[in-house]
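Enquirer: Fold the stuff below for me.
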Amino acid sequence: MKPEEIRLLMKDYETAPDDTVFSQATVAAVRRCSIFTVERDRWAGTGVPFRKMGRLVRYYKCDIQQWLAEHPVLFSTSQYPKKPKRPKKLKETKEETELTTGNLLEEDKSEE
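Expert: Reported below is the predicted structural model:
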């Protein structure tokens with residue numbers, strides 16, 4: 001989008017009441033990202049909550065504001081909240097592997 005289009009969309013967004021619905025172009029302008037990013041986030045379930053109105057996808061201003069409040073602007077990757085570490089897999093001992101493999105082989109023989 002051109003800078004003038006972004007400015008117009010932002011002006012419309014800022015002056016609109018909370019119950020106004022907006023297109024994904026406005027959401028992209030508010031988030032300062034591409035329309036493709038808005039679409040991808042919607043598909044992944046991580047974007048701004050949306051409503052389908054027939055074939056159209058629309059976003060309420062109050063939903064946009066809430067989403068923005070929950071996703072603060074970060075200036076560095078070190079500010080990104082860390083994900084909890086996954087528990088380490090326990091390694092099977094050689095004897096445990098042989099026991100489970102041996103049990104499976106014995107079951108196969110008994111079925112024949």
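Enquirer: can you tell me the helix or strand for Y13?
Expert: helix 3-15 (DSSP states H and E).
Enquirer: Quick check: buried residues in that helix?
Expert: I6, L9, Y13 (16 or more other C-beta atoms under 10 Å). For glycine as for every other residue, the C-beta is placed from the backbone atoms N, C-alpha and C.
Enquirer: now what about it, what contacts it?
Expert: With contacts defined as C-beta atoms under 8 Å, 6 or more residues apart in numbering, helix 3-15 is touched by M1, F22, A25, T26, A29, V30, K61, I64.
Enquirer: Return the member of those residues nearest to K52.
Expert: Nearest to K52, judged by C-beta to C-beta, of those is F22 at 14.1 Å.
Enquirer: Run through the residues that contact the closest one.
Expert: So F22 contacts D12, Y13, A16, R58, Y59, Y60, K61, I64 (C-beta under 8 Å, 6+ apart).
Enquirer: What about the last one, how many residues nearby?
Expert: Burial of I64 is recorded as 21 neighbouring residues (other C-beta atoms under 10 Å).
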